[in-house]
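Novice: what shape does this take:
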Amino acid sequence: MIDLKTTYLGLELKNPLVASASTLSKRTSRVRQMEDAGVSAIVMYSLFEEQIVQDSLAFNYFMERGTESFAEALDYFPQLDRYNVSPDEYLEQIRKNKEAVKIPIIGSLNGVSNSGWIKYAKMMEEAGADALELNTYFIPANSELSAGELETHYVDLVKAVCDSVQIPVAVKLSPFFTALPNMVVKLANAGSQGLVLFNRFIQPDLNIEKMEVDTTLHLSTSAELLLPLRWMALLYGKVNADLALTSGVHTGEDLVKTVLAGANVAMVASEFIENGIDRAKAILTEMETWMSVYEYQSVESMRGTMSQRYVANPAAFERANYMKALQTYDNKLP
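Specialist: Residues are numbered from 1 along each chain as shown. Alright, predicted model coming up:
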């Protein structure tokens, strides 16, 4: 009997397939469907820092009607209503989802400052969230902001949130830190019990006919698995925190690679959005079939077996063997 059980953030999960933060969790019916399809835990769609600010501004409008600053401040976040609901509705959705399913529900906060974070982290805990995911989505476009200042800011933010709640906290990271291994150790020391690799930065395109910025969201593909897979294999065994891989997991093969590299769990959204929530069943079946063929009896026995810690050629992960990889194309040319 193959054992798919794993642990993440101190939570015992029936398998390593977790639904990542997306609009799928906005409807309780879809949350039930994900549980029925085999998903072992669900990360809620994100509550954005800007949304908390907008909610406060709306309150201030009625308290201080007529102030000149309100209209400009509110226009600073013109599209929030398209994505999300108010903070209070978000907390209510956590409660509804918790009541509807037995699997863990993980709250998600997206932002870059302490403003409102500690308050809403506590409120998510009170609403029943089993854990929190801090999604630190930030583009350091200010040339006066140094890398050291930015990293200190992240660490202070994580520590403040971790100190304010009793439930475990994970941090969803960008891959663009100069010294990523050092950064993840700092975050773990600040109290983060999990690290999620990686945040997908939305890359805007330019519409040259309408002369507008095109912010269309493009779903991930399996090709995007390579970056987080490499860093997962490099970090496994070197940081005192659980590891989650997100972005690029679409098949059972992708899920197998994720665990072999060292992840406790793999997080999926794009595949469910594009091809249906029931894809979870097929992904898990594909993983079980592979484990049976290669004689792995449990997820724990295979986790990390192809990380840098155990492979015969660690340099393949460290330098990515550019010359060897390029040579494979050179050999195909006439």
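Novice: make it CA atoms for all contacts and neighbour counts henceforth
Specialist: Noted.
Novice: just the helices in the stretch 151-300 of the chain please.
Specialist: Along the stretch 151-300 of the chain, counting by DSSP state H, counting those that start in this stretch, helices occupy 180-189, 226-235, 252-261, 270-275, 279-293, 299-302.
Novice: now do the buried residues in the longest one.
Specialist: Burial within helix 279-293, assessed by neighbour count using 16 or more other C-alpha atoms under 10 Å, is assigned to 279-281, 283-284, 286-288, 291.
Novice: now tabulate those in TSV and tack on pLDDT and distance to Arg32.
Specialist: What follows is these, written out as TSV (pLDDT from 0 to 100; distance: C-alpha to C-alpha, whole Å):
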residue	pLDDT	distance to Arg32
Arg279	98	14
Ala280	98	13
Lys281	98	14
Ile283	98	18
Leu284	98	17
Glu286	98	22
Met287	98	22
Glu288	98	23
Met291	98	27
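Novice: which residues of the chain fall in strands?
Specialist: 6-8, 11-13, 17-19, 41-43, 47-48, 105-110, 131-135, 169-173, 194-197, 205-207, 212-214, 242-246, 265-268 (DSSP state E).
Novice: columns distance to Arg303 on top of the ones you listed, output as CSV?
Specialist: As requested, the strands of the chain are arranged in CSV below (distance: least, C-alpha to C-alpha, whole Å):
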stretch, distance to Arg303
strand 6-8, 10
strand 11-13, 15
strand 17-19, 14
strand 41-43, 19
strand 47-48, 32
strand 105-110, 23
strand 131-135, 22
strand 169-173, 19
strand 194-197, 16
strand 205-207, 38
strand 212-214, 40
strand 242-246, 11
strand 265-268, 10
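Novice: mean neighbour count, distance to Gln93 and mean pLDDT added to those strands, as a markdown table?
Specialist: Formatted as a markdown table, the strands of the chain follow (neighbours: other C-alpha atoms under 10 Å; distance: least, C-alpha to C-alpha, whole Å; pLDDT from 0 to 100):
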| stretch | mean neighbour count | distance to Gln93 | mean pLDDT |
| --- | --- | --- | --- |
| strand 6-8 | 19 | 23 | 98 |
| strand 11-13 | 16 | 21 | 98 |
| strand 17-19 | 26 | 16 | 98 |
| strand 41-43 | 26 | 12 | 98 |
| strand 47-48 | 24 | 11 | 84 |
| strand 105-110 | 24 | 10 | 94 |
| strand 131-135 | 25 | 15 | 95 |
| strand 169-173 | 25 | 19 | 96 |
| strand 194-197 | 25 | 23 | 98 |
| strand 205-207 | 11 | 33 | 86 |
| strand 212-214 | 11 | 30 | 86 |
| strand 242-246 | 26 | 23 | 97 |
| strand 265-268 | 26 | 20 | 98 |
